[in-house]
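Q: my questions are about this predicted structure, shown below with the sequence.
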Amino acid sequence: MRIRPGFVAAAAVAITFACGRPALAQSAAELFDQNTIQEIRLSVNSRDLRTLRANTQLNTYYTADLQWKNVKVRNVGIRSRGQGSRNPVKPGLRVDMARYTTGQTFVGLSTIILDNIWQDDSLIRERLAFTIFEMMGQPAPRESYCRLFINNEYFGLYTITEEIDADFAKRVTGETDGTIFEYHWFADRQWHAEDLGDIANYKVLLEPRTHTLDADSTLYGPIQQMFKEVNSPDDAVWRSRVEQYIDLNQLMTHIAIEQYLADNDGFLGAQGMNNFYLYRFKDTQRHRLFVWDRDQSFLFPPDSPIATTDGNVLFRRAMAYPDLRETYLKALEECARLSAADNFLSLEIDRLAAVIFEAAAADTKKQWAADPTRFDMAVDFLRDFAARRPAQVLAAVDRIRKTGS
Amino acid sequence: MPLILPTAALLVVLTRPDAGKTPPQESSQQAEPSDKTTKKKDTPKEKKPREEYPSFRLDDHPSIHFGKGTHLDFRARFAADHADSEASTADPVEASSIDLGKKRLGVSGEIRNAVEFQIEAELTDTDPWRDVYGEFKYFDVARVRGGKFKIPFSLDENTGASRLDFMFRSLAATHLAPGRDQGVMVHGRVLKKLIGYEAGIFQHDGKNARTNNPAKVFGGRTQAARVTVEPLRHVKNAVGDLSVGVALTRSDDLPEGISGLRGQTVLEQNFFTGNNYIVNGSRRRLGIEMQFRPGPASIKSEWMRVETDRRGESVEDTDLSPIVGEGWYVSGTVAITGEKKAAVDRPKKPLFQGGVGAIEVGARVESLRFSSGSSGETPSRGPRADTIVGNRDQATTFGVNWYINRFFKIQANFIREKLDDPSQGPLPSKASFTTKAIRFQFSL
């Protein structure tokens, strides 16, 4: 058989392309795959690691190399993070890819959080909570589990959590230039949406994560004005004025999900507002909330009550409007319906528990490592919650509609 | 400003026709090759009358002589600078201001021609002591000096401040040469003074490598050596004034910390922001120098390199490539009034004494660069990055020096600087910038 030269050339080109194709690049979607446990390795100078662990209350950055699969990112900045979860045994870490190398990213991300899941003995509360938020149409950070090795020592089971930054905002809103504020909780500045007056008081609580070079008046003027209107005495104009500054329907949905999840540390937190980011839409003065840090979800039993009023001025006054109240109650019903449908929440608990089981068992640095029954008991608590919470909430909503409380 | 009036008064006194009539040689600087072309006088020897002691003289400096070979000299230097730079600091007052910071007083002398000493202090400095040393000089081939003085490295750094060709020392000498420290040194000239040598041990690696920041570290015990050769010394004309040399230092026990070496522009604004790179181990310097002074002209050049170790400083506790500082300059001057270079600061015809003093023009091109030994990865500002984000400053200086008489000197400089990475410099969006500066100097 005679082989034509054109065929040979085409075959050669095909073989060249096949052999010369670069290794498949890893992606953020793979990193946040919730069906598996990733393995993250950090190399940190031993003196830096000792210093970091001895000073976990400080936000000092240290240089590290990060490795995930065949992706190696050199000279990233790591620092201790968290509030009550800061500890030297299993430090929570913020990993900033561009801290020292301008424009450097890791699978397209400029920052990731390595959450030590310190205060959650089930290790899956936050992941479950974020799932419910996502099912309710509320964007939440992407998150997956990883075994974290630092200098080849297993530091335990962590979550890799997407940071709420400009990339996150672009992913969930499509906007590229909105303004993000991270809310910081302080024990001596517990805030229930009162009018704080001077811009300086807002500046302490809300740290800009984008537009960091903008003037204070540009950054905080709309926030100052929003809480001035939230606390204005004139009920007749309250709704129209406040809605200029915040999406009240989104706010009520956000709070409803927190209430469904029996969360004690959210917008209606027992010690003031906590664990949210405030996002200002591009070229507007209007804001919305993004959820953050849900390891205190599922904290109370499934029959814990649903709030209808609160010390929080914004929620209390919004509940006075029937349509906003109905938004709130419908969101509660939707949470119950979604989590009960096809036993979704129960099955998700079982699935996540199975995914992390081995890594969690091997995690000798977790807070309750000395008591191996804590993990099982915590997961059992969640299973009970998933089984009984939908009916409890639906009954509570029905009662609220009938009696008002 | 309080110095203006006394300075003006001194100007009147010292520019009288009988002042400084017989300009003598400045006392020897170990860094400056001796100027044999100006030592000899053609005037026939006269029998000197027997001198009575103690006596006061105005030779190199005002001095009191207590006996043959025993005298005490008084030294002073006052300088006022005015600089106007495009790369000004945020505070415009600081960017364009009269600097009266250079006020130095001191004494020096000899005891029986066997011991030499010098004590000099900066009046406004927080660390006032400059040269404080004694020297046993009985044997020319091996003089022993102890105290605080300049480590023998770099021709430019070891040139006295009052005798600089330009207002500011070269960037390399300012930031890479070690400067003063406490130590002991042996120096001398051998082989019919063909070769000069200096070798010493010092407590640290000099003041230039230190800052006020306690987080920044500097070298521990430092060994230094410098050899200069005057290969044409036997030539009996101006062409013979050629000197070449090599110097090196080694500092051990550099503790872990941020390097104290600075990358700064001529007006000492940072252009190398990688000041947070962690170093550890030893520091080594190597310098090569050349000076040629044919008659009224001069050419001077140096190259120097400083390597600072980063032992065990990688994220894996292994060694990183050293931080490297490298600099060079080439400069030239010519006295358009004809004075020989070695004596240009003692004009033949001072102002008000039948002349205008000595006028000298000069130019210098130079470079100072910081980098790391590695280039294998994306440069990073990480304190433990193997490949660091370096930078380079290239400067060109044009200058005019007017030596009014042996005491007064006015210098004017025009400096053009260019940064490889302006984002680290004083003007992040502008790579090139100019500085104009003038200095009024009185030295005694």
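A: Thanks, I have it.
Q: chain B contacts on chain A?
A: A:43-48, A:63-65, A:74-77, A:99-101, A:104, A:151 (CB under 8 Å from any CB of the partner chain). The C-beta positions use only the backbone N, C-alpha and C, and glycine is treated the same way.
Q: show the buried residues in the residues you listed.
A: A:43-45, A:48, A:63-65, A:74-77, A:99-101, A:104, A:151 (16 or more other CB atoms under 10 Å in any protein chain shown).
Q: those residues in helices, which ones?
A: With helices taken from DSSP state H, the overlap with these comprises A:Asp48.
Q: which residues does the residue most central in space within chain B contact?
A: Nearest to the mean C-alpha position of chain B, by CA atoms, centre = their mean, lies B:Glu157 at 3.0 Å. Taking CB atoms under 8 Å, 6 or more residues apart in numbering or on different chains as the contact definition, B:Glu157 lies against B:Ala31, B:Lys150, B:Arg169, B:Ala173, B:Thr174, B:Ala177, B:Pro178, B:Gly179, B:Asn208.
Q: out of those residues, which are inside strands?
A: B:Lys150 (DSSP state E).
Q: next step: the contacts of B:Glu157 restricted to helices.
A: B:Ala173, B:Thr174.
Q: check the spacing between B:Glu377 and chain A real quick.
A: 6 Å (CB to the nearest CB, to the nearest Å).
Q: return the residues in contact with that residue.
A: Counting by CB under 8 Å, 6+ apart, B:Glu377 has contacts A:Arg74, B:Ala385, B:Asp386, B:Thr387.
Q: what about 10 Å?
A: A:Arg74, A:Asn75, A:Thr101, B:Ala385, B:Asp386, B:Thr387 (CB atoms under 10 Å, 6 or more residues apart in numbering or on different chains).
Q: cool, B:Ile288 as well?
A: B:Ile288 neighbours (CB under 10 Å, 6+ apart): B:Leu155, B:Val244, B:Gly245, B:Val246, B:Ala247, B:Leu248, B:Ser301, B:Glu302, B:Trp303, B:Met304, B:Arg305, B:Trp328.
Q: please, which helix or strand holds the fourth one?
A: What that stands for is B:Val246. strand B:242-259 (DSSP states H and E).
Q: and residue 385, how many neighbours?
A: Just so you know, I chose chain A. A:Phe385 has 27 neighbouring residues, counting by other CB atoms under 10 Å in any protein chain shown.
Q: chain B, not that one
A: 28.
Q: doesn't B:Ser372 make contact with it?
A: Yes - with contact defined as CB atoms under 10 Å, B:Ala385 counts as touching B:Ser372 (7.7 Å).
Q: B:Arg169 contacts B:Ala177, correct?
A: Yes - using CB under 10 Å, B:Arg169 is in contact with B:Ala177, at 8.5 Å.
Q: joint contacts of those two?
A: Counting by CB under 10 Å, 6+ apart, the contacts common to B:Arg169 and B:Ala177 are B:Ser154, B:Asp156, B:Glu157, B:Asn208.
Q: so which of the residues you listed is the most crowded?
A: For these, neighbours tallied by other CB under 10 Å; top is B:Ser154, 30 neighbours.
Q: and that residue, that's in a helix?
A: No - per DSSP: H, G, I helix; E, B strand; the rest coil, B:Ser154 lies outside any helix segment and is coil.
Q: the closest residue to it other than its chain neighbours: neighbour count?
A: Leaving aside its chain neighbours, B:Ser154 sits nearest to B:Ala177 (3.7 Å; criterion: CB to CB, 6 or more residues apart in numbering or on different chains). Using other CB under 10 Å, B:Ala177 has 29 neighbouring residues.
Q: please apply the same query to the one 3 residues further on.
A: Under the neighbour criterion other CB under 10 Å, B:Arg180 is assigned a count of 22.
Q: got a pLDDT number for it?
A: On pLDDT, B:Arg180 comes in at 93.
Q: swap in the one 4 residues further on?
A: Confidence per residue is given as pLDDT, and for B:Val184 that number is 97.
Q: so who does it touch?
A: Here B:Val184 is in contact with B:Tyr133, B:Val144, B:Arg145, B:Gly146, B:Gly147, B:Ala199, B:Gly200, B:Ile201, B:Phe202, B:Gln203 (CB under 10 Å, 6+ apart).
Q: closest one of those residues to A:Phe290?
A: B:Gln203 (58.0 Å; CB to CB).
Q: residue nearest the centroid of chain A?
A: Geometric middle of chain A (CA atoms, centre = their mean) lands on A:Trp292, at 3.4 Å.
Q: for chain B, see how far away the residue nearest to that one when sequence neighbours are not counted is.
A: In space, and not counting its chain neighbours, A:Trp292 is closest to A:Asn275: 4.9 Å by CB to CB, 6+ apart. Taking CB to the nearest CB as the measure, A:Asn275 falls 31 Å from chain B.
Q: can you give me every residue that contacts A:Asn275?
A: Contacts of A:Asn275 by CB under 10 Å, 6+ apart are A:83, A:183, A:185, A:258, A:263, A:265-267, A:269, A:289, A:291-297.
Q: and B:Ser251, how far is that from chain A?
A: 22 Å.
Q: what strand or helix carries the residue of chain B positioned farthest from its centre?
A: Each residue of chain B has a distance to the centre, and by CA atoms, centre = their mean the biggest one is for B:Glu316: 40.9 Å. Secondary structure assignment for B:Glu316, by DSSP H and E: no helix or strand.
Q: name the nearest residue to it, sequence neighbours excluded.
A: A:Ser43 (5.2 Å).
Q: the one you found touches A:Tyr62, doesn't it?
A: No - using CB under 10 Å as the test, A:Ser43 is too far from A:Tyr62 to be in contact (11.1 Å).
Q: next, A:Lys282: secondary structure please.
A: coil.
Q: and stretch A:85-93, how far from the chain's centre?
A: Stretch A:85-93 sits 18 Å away from the centroid of its parent chain (CA atoms, centre = their mean, to the nearest Å).
Q: check which residues of it are buried.
A: A:Ser85, A:Arg86, A:Asn87, A:Lys90, A:Pro91, A:Gly92, A:Leu93.
Q: so whichever residue of the stretch 251-400 of chain A sits closest to chain B, which of the three states?
A: As assessed by CB to the nearest CB, chain B sits closest to A:Lys365 within the stretch 251-400 of chain A, at 20.7 Å. Following three-state DSSP, we place A:Lys365 in the coil state.
Q: what's the distance between the closest residue to it other than its chain neighbours and chain B?
A: In space, A:Lys365 comes closest to A:Lys90 once its chain neighbours are excluded; the distance is 4.0 Å by CB to CB, 6+ apart. Going from A:Lys90 to chain B by CB to the nearest CB gives 20 Å.
Q: A:Lys90 touches A:Leu123, doesn't it?
A: No - contact between A:Lys90 and A:Leu123 fails when scored by CB under 10 Å: they sit 11.7 Å apart.
Q: shared neighbours of the two, anything?
A: A:Ile117, A:Gly156, A:Leu157, A:Tyr158, A:Asp363, A:Lys366.
Q: a markdown table please, covering the residues you listed and showing neighbour count and pLDDT.
A: Listed next are the shared contacts of A:Lys90 and A:Leu123 as a markdown table, based on neighbours: other CB atoms under 10 Å in any protein chain shown; pLDDT from 0 to 100:
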| residue | neighbour count | pLDDT |
| --- | --- | --- |
| A:Ile117 | 27 | 95 |
| A:Gly156 | 23 | 96 |
| A:Leu157 | 25 | 97 |
| A:Tyr158 | 27 | 97 |
| A:Asp363 | 23 | 95 |
| A:Lys366 | 22 | 92 |
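Q: perfect, that will be all.
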